[in-house]
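Novice: pasting the sequence and the predicted coordinates here, then a few questions.
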Amino acid sequence: MPSLFTRIIARELPGRFVYEDEQVVAFLTIAPIKRGHTLVVPRTEVDDWLDLPERDRVALFAAAHTVGIGVRQAFPCTRVALLALGLEVPHVHLHLVPIDSEAEVSFANADPGVAPEALDDAQARIVAALSRP
């Protein structure tokens, strides 16, 4: 069964598109955090961005950069937040949100008091994972 985003891309459901190319589309979300909140979505239906083929991943982030510049110009802000969350739709998508503070995207679970040893351990684990063939 096609994802909601696949159906929007196929024009089976309405979408307010702001960008399209052969591999990626971008359209406004129907539930914005702030005005201008845009979703950047690969045409390839993959659930997790870590599973995207390289060609699609490169195209997705290149499109996010292009669209992010447009969002920033259309909705002047300090930053355009880029979030890869999206558990609600099993189709990779990046959120672009014009923000003037992090509170606008609510990183409520951030732990500013994490122990340095825990950070060192996390770093070592990731470095080790990346060095595996």
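Specialist: Thanks, I have it. Numbers count the residues shown, from 1 in each chain.

Novice: helices along this protein, start to end?
Specialist: Taking DSSP state H, the helices of the chain run over residues 4-9, 54-74, 116-131.

Novice: list the contacts of the residue most central in space within the chain.
Specialist: The chain has residue 94 as the residue nearest its centroid, 1.6 Å off, counting by Cα atoms, centre = their mean. Residues touching residue 94, when contacts are defined by Cβ atoms under 8 Å, 6 or more residues apart in numbering, comprise 39-41, 49, 60-61, 64, 82-84. Yep, even glycine has a C-beta here, placed from its N, CA and C like the rest.

Novice: check contacts around residue 9.
Specialist: If you count contacts by Cβ under 8 Å, 6+ apart, residue 9 has them with 15, 25, 41, 43.

Novice: sort those by pLDDT and name the bottom one.
Specialist: Looking at pLDDT alone, the contacts of residue 9 dip lowest at residue 15, where the score is 87.

Novice: need phi/psi at it.
Specialist: Residue 15 has phi and psi values of phi -150, psi 150 when expressed as degrees, to the nearest 10.

Novice: and it, how far from residue 54?
Specialist: With distances taken as Cβ to Cβ, to the nearest Å, residue 15 is found 26 Å from residue 54.

Novice: follow-up on the earlier one: which one among the contacts of residue 9 gets closest to residue 104?
Specialist: Minimum separation from residue 104 among these (Cβ to Cβ) is found for residue 41, which lies at 21.9 Å.

Novice: next, count neighbours for the closest one.
Specialist: With neighbours defined by other Cβ atoms under 10 Å, the count for residue 41 comes to 25.

Novice: surely it touches residue 5?
Specialist: Yes: under the contact definition of Cβ atoms under 8 Å, residue 41 touches residue 5, with a separation of 5.1 Å.

Novice: need the overlap of contacts for these two.
Specialist: When contacts are counted by Cβ under 8 Å, 6+ apart, residue 41 and residue 5 have 91, 93 as shared neighbours.

Novice: related to what we said a few turns ago, most surrounded residue in the contacts of residue 94?
Specialist: Of all the contacts of residue 94, residue 40 has the most neighbours under the rule other Cβ under 10 Å, reaching 28 neighbours.

Novice: mind listing the residues bridging to it?
Specialist: In this structure, residue 40 has beta-bridge partners residue 26, residue 94, where bridges are defined by DSSP bridges.
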